[in-house]
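> sequence and predicted model, in that order:
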Amino acid sequence: MNENAGGAPQDLLEQRSRALFEESVGSVDLRVRSRLTQARHAALDAAAASSRRPWFFRMTVLTPAAGLAAALALGVTLWMGTPMGSHVMTGDQANLDDLDIVAASDGGSVDALDLLQDDIDFYDFADKAASSEPAA
């Protein structure tokens, strides 16, 4: 990609870079060089020790397994529903609960059931209108 006509400038750059690198390495103090060598050996030993551990103790295996277990638990929970079960009421239960609420309310001197009985025809009409299917 970076080809030159003679290729000489690229060779000169590589030679100059190598010479500067070797000069910088040669000028490092022996004490620093020893510490760098010890650190390199410690890193190589740690890498070798981690490869000797069993596969189930490695983090690269545990992380996806834990994520999969969490996703599975969430999916089963959502699929099975709430632990208390469904709280959907049928139409008859809802009507009886509404009637109990109206009957239990304190209406003062007027009885709540008397108010319901006054408009019984209207309530019958509303119930039939709500339960009938709409015309197509």
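Perfect, I can see it now.

> within the helices and strands, which one has Val28?
If you go by DSSP states H and E, Val28 is not part of any helix or strand.

> contacts only, for it.
Leu36 (CB atoms under 8 Å, 6 or more residues apart in numbering). All C-beta atoms are positioned from the backbone trio N, CA, C, and that covers glycine.

> repeat that for 10 Å
Residues near Val28 by CB atoms under 10 Å, 6 or more residues apart in numbering: 34, 36.

> distance of it from Thr37?
Plainly put, Val28 is 11 Å away from Thr37 if you go by CB to CB, to the nearest Å.

> now do Ala71
Noted for Ala71: a distance of 46 Å to Thr37, by CB to CB.

> and what of Lys128?
According to CB to CB, Lys128 stands 94 Å off from Thr37.

> how about Leu30?
10 Å.

> give me the next element, helix or strand, following whichever strand or helix holds Ala39.
For Ala39, the host element (DSSP H and E) is helix 30-52. The C-terminal neighbour of helix 30-52 among helices and strands, as given by DSSP H and E, is helix 59-80.

> can you show me the CA trace of the helix or strand containing Glu14 as PDB?
Element membership for Glu14, per DSSP H and E: helix 8-26. Below are the C-alpha coordinates for helix 8-26, written out as PDB (Å, rounded to 0.1, in the frame of the first residue of the first chain):
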ATOM      1  CA  ALA A   8      14.700   3.200   0.000                       C
ATOM      2  CA  PRO A   9      13.000   5.800   2.200                       C
ATOM      3  CA  GLN A  10      10.900   3.100   3.900                       C
ATOM      4  CA  ASP A  11      14.100   1.000   4.700                       C
ATOM      5  CA  LEU A  12      15.800   4.100   6.100                       C
ATOM      6  CA  LEU A  13      12.800   4.800   8.400                       C
ATOM      7  CA  GLU A  14      12.900   1.200   9.600                       C
ATOM      8  CA  GLN A  15      16.600   1.200  10.200                       C
ATOM      9  CA  ARG A  16      16.500   4.500  12.000                       C
ATOM     10  CA  SER A  17      13.600   3.300  14.200                       C
ATOM     11  CA  ARG A  18      15.400   0.100  15.100                       C
ATOM     12  CA  ALA A  19      18.600   2.000  16.000                       C
ATOM     13  CA  LEU A  20      16.700   4.400  18.200                       C
ATOM     14  CA  PHE A  21      14.900   1.500  19.900                       C
ATOM     15  CA  GLU A  22      18.100  -0.400  20.600                       C
ATOM     16  CA  GLU A  23      19.800   2.700  21.900                       C
ATOM     17  CA  SER A  24      16.900   3.400  24.300                       C
ATOM     18  CA  VAL A  25      16.900  -0.200  25.500                       C
ATOM     19  CA  GLY A  26      20.700  -0.200  26.000                       C
END
